[in-house]
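Asks: sequence? don't have it. structure:
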Ligand code: SF4
Ligand code: SF4
C-alpha cells in the first residue's frame, strides 16, 4: 500500500487559515489503512480545525467527506457539489489522490494534508516500512524475494558492503536490518546460496523514475 | 454546552466507576458542571470522543482508567493513556493548554483520590470563571 502520514497541524493551519469554507476529503483505501487520511482522520482533523478556529466570526464551515479511492475519478464525482461550494479542498489522500482532484476539478484549490511516504506494509500495529520503490523491472526472484534496491540503504545489487554488522545496517544500526543479511539468510534457507556467486550487472534505471514520469498503456484496454 | 463551563470525566466503569459509587454512598456528589461519561473499559476511549467533548464546549477533560496491569482487558488503560497523549499533542498544536486534558490511573479503592482530583480540576478550570 501507499503509506502516508498527516502533516503537522501547524502546517495545515497555516495553509487553510485564509479560507472560511473548507472541504476535507479523505480516501478510504491505502491512507485509511495506514490511519493517515481515512474517514476517522478526516473527522479528527475537522474537529481539530474547528477548535483552532472556534472564535472566528463568521464560523469556519468545514465539510467532511471520504471517497473510496481518490485516485480514480469515478469515485470523486459525488464531490462535485461540495467542491464547487468550498473555497478550498484539503485532501487527506496520497499525492496521487490530490492530483486526481486537481485534474478532475481544475478550478478548485486543492491542498495536501498528508505527506506521502512510500510503498510499504504494516510490520506490526503502528509500524509501517518500505518494501518497493517501483524500479519498473522487478528483480526480487534473484534475491530470495528481498528487495536490495529498497531495503539496502545503498541499493547495492552486489552486497553486502563492509558496514554490515550483526545483521544490522551501518547507516542506522538501531532501526535498519542489513538487507544483504536478510538476502543471505533467505537464500541459505532456500538452498540457493550459489546465486550469490553471480555478479549482478549494472541495472538499467531507465525503467525507474530516472527515465522521466512513467506511463502504462494497455492496448487491449484502449479503443 | 458550548459555554466552556463544563468538565467531562471519561471513566472506566471497573475502577473509576466503582470509586464514584463508593463516594456517592457516602453522600458525595459531582460538582456542578462535571459530566461523568462511563466507559466499559479505558481501551474503548477513542481520540474522537475527547476532541468532540472539547468541540462541544468542555473546558477540560479528565480520563480515568485502571492501573496498567490491572485492566480487565489487559491493555485497555495503556491504550487510553496513549490516546490521551496523542490528543495532548494535537491540543498543543492548536493552541489549547495541554493541562486541559488529564489522564490518571485509578483503582476502585481510591474514592478519596477521585474526589480530590475532580475537585482540584473544578477549582482550576471552572471556579475562576464562576467567581
Ligand atoms: S526490484 Fe524494483 S519492483 Fe521489485 S520490489 Fe524492488 S524496487 Fe520494487
Ligand atoms: S549494511 Fe547492509 S543494508 Fe546497509 S548499506 Fe551495507 S549492505 Fe546495504
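Replies: Happy to help now that I have it. None of these values were measured; they are calculated from a predicted model. Numbering: from 1, shown residues only, chains lettered A, B, ... in the order given. Ligands and ions are numbered 1, 2, ... in the order given.

Asks: So chain A: which segments form each domain?
Replies: Following automatic domain parsing, one finds the domains of chain A at A:2-118, A:133-211.

Asks: what's the most buried one of these?
Replies: domain A:2-118 (a mean of 19; mean count of other Cβ atoms under 10 Å in any protein chain shown). Heads up, the C-betas are built off the backbone N, CA and C, glycines and all.

Asks: Name the nearest residue to the residue of chain B found nearest ligand 1, ignoring sequence neighbours.
Replies: In chain B, no residue comes nearer to ligand 1 than residue B:86, which is 32.4 Å away by Cβ to the nearest ligand atom. Spatial nearest neighbour of residue B:86, excluding adjacent residues (Cβ to Cβ, 6 or more residues apart in numbering or on different chains): residue B:47 at 6.0 Å.

Asks: can you list the residues that contact the lengthiest helix in chain B?
Replies: Of all the segments of type helix in chain B, defined by DSSP state H, the longest one is helix B:76-93. If you take Cβ atoms under 8 Å, 6 or more residues apart in numbering or on different chains as the criterion, helix B:76-93 is touched by A:8-10, A:13, A:44, A:48, B:12, B:41-47, B:50-51, B:54, B:63, B:65-68, B:70-71, B:97-98, B:100-103, B:105.

Asks: Ok, stretch A:120-130 next?
Replies: Here stretch A:120-130 makes contact (Cβ under 8 Å, 6+ apart) with A:1, A:3, A:33-34, A:117-119, A:131-132, A:150-151.

Asks: Report the outermost residue of chain A with respect to its centre.
Replies: In chain A, residue A:57 marks the outermost C-alpha relative to the chain mean, sitting 36.8 Å out by Cα atoms, centre = their mean.

Asks: Would you enumerate the residues in contact with it?
Replies: Residue A:57 neighbours (Cβ under 8 Å, 6+ apart): none.

Asks: could you pull out the helices for chain B?
Replies: According to DSSP H, the helices that chain B contains are B:18-25, B:47-55, B:76-93, B:111-121, B:127-130.

Asks: May I have the residues that are in contact with residue A:117?
Replies: A:3-5, A:128, A:130.

Asks: so of these, which ones are in strands?
Replies: With DSSP state E as the criterion, strands contain A:3-5, A:128, A:130 from among the contacts of residue A:117.

Asks: which among those residues gets closest to chain B?
Replies: residue A:5 (13.3 Å; Cβ to the nearest Cβ).

Asks: Report the beta-bridge partner residues of that closest one.
Replies: residue A:115 (DSSP bridges).

Asks: Wait, it touches residue A:114, no?
Replies: Yes: counting by Cβ atoms under 8 Å, residue A:114 is a contact partner of residue A:5 at 6.3 Å.

Asks: Find the residues that touch each one of these two.
Replies: Counting by Cβ under 8 Å, 6+ apart, the residues touching both residue A:5 and residue A:114 are residue A:36.

Asks: re the thing from before, mean pLDDT added to the helices of chain B, as TSV?
Replies: Shown next, in TSV, are the helices of chain B (pLDDT from 0 to 100):
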stretch	mean pLDDT
helix B:18-25	98
helix B:47-55	96
helix B:76-93	97
helix B:111-121	98
helix B:127-130	61
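
Asks: Kindly reformat those helices as CSV and extend each row with mean neighbour count.
Replies: CSV is the format used below for the helices of chain B (neighbours: other Cβ atoms under 10 Å in any protein chain shown):
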stretch, mean neighbour count
helix B:18-25, 17
helix B:47-55, 20
helix B:76-93, 19
helix B:111-121, 18
helix B:127-130, 10
